[in-house]
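1. Give me a model of this one.
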Amino acid sequence: MRRCRHCGKNPVTRPRGLCWTCYYTAEVRTLYPSTTSRFGRRGIDHAGRRRPPPAPTQALPGTAQKIAVLRERASLGLELSHPDDATLQRGRARRKVG
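-> This is a model prediction of the structure:
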């Protein structure tokens, strides 16, 4: 039987490899962050408010150019979308006019 990661005395009965007592001690629980929870956050950290992108993109959704723009924005820590980014409807309307 596995023993608690923190105290090493009691059997593991809670997530993070902790016993009941250690898991319900807030200071101890923060020492062992949950990385395996299916409800845990995944991907890019969305905890804080991100800055908006400086300029919109004319690349249409689903294109290689749009994916490259999204990757760049994510790596810079910016919001992924801009209110004036091209959409399928706006992209079609521009092509008809232009």
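2. Just the helices from this protein, written as ranges.
-> Taking DSSP state H as the criterion, the chain contains helices spanning 20-23, 26-31, 64-75, 88-97.
3. So what touches the longest one?
-> Looking back up the chat, that one is helix 64-75. Helix 64-75 has contacts (C-beta atoms under 8 Å, 6 or more residues apart in numbering) with 44, 53, 57, 59-60, 79-80. (Glycine included, C-beta is placed from N, CA and C.)
4. Low-confidence ranges, the protein, go.
-> By pLDDT under 70, the low-scoring segments of the chain are 35-49, 90-98.
5. if we can go back for a sec, for the helices of the chain, give me CSV that also has mean neighbour count and distance to Pro11.
-> Output for those, formatted as CSV (neighbours: other C-beta atoms under 10 Å; distance: least, C-beta to C-beta, whole Å):
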stretch, mean neighbour count, distance to Pro11
helix 20-23, 18, 9
helix 26-31, 12, 16
helix 64-75, 14, 42
helix 88-97, 10, 56
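6. Arrange these in a markdown table, one row each, with distance to Arg3 as further columns.
-> Listed next are those as a markdown table, based on distance: least, C-beta to C-beta, whole Å:
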| stretch | distance to Arg3 |
| --- | --- |
| helix 20-23 | 11 |
| helix 26-31 | 14 |
| helix 64-75 | 40 |
| helix 88-97 | 57 |
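7. Test my guess that Cys19 contacts Lys9.
-> Yes: counting by C-beta atoms under 8 Å, Lys9 is a contact partner of Cys19 at 7.4 Å.
8. Spell out which residues make up each domain of the protein.
-> Residue ranges for each domain of the chain read 1-35, 48-98, as given by automatic domain parsing.
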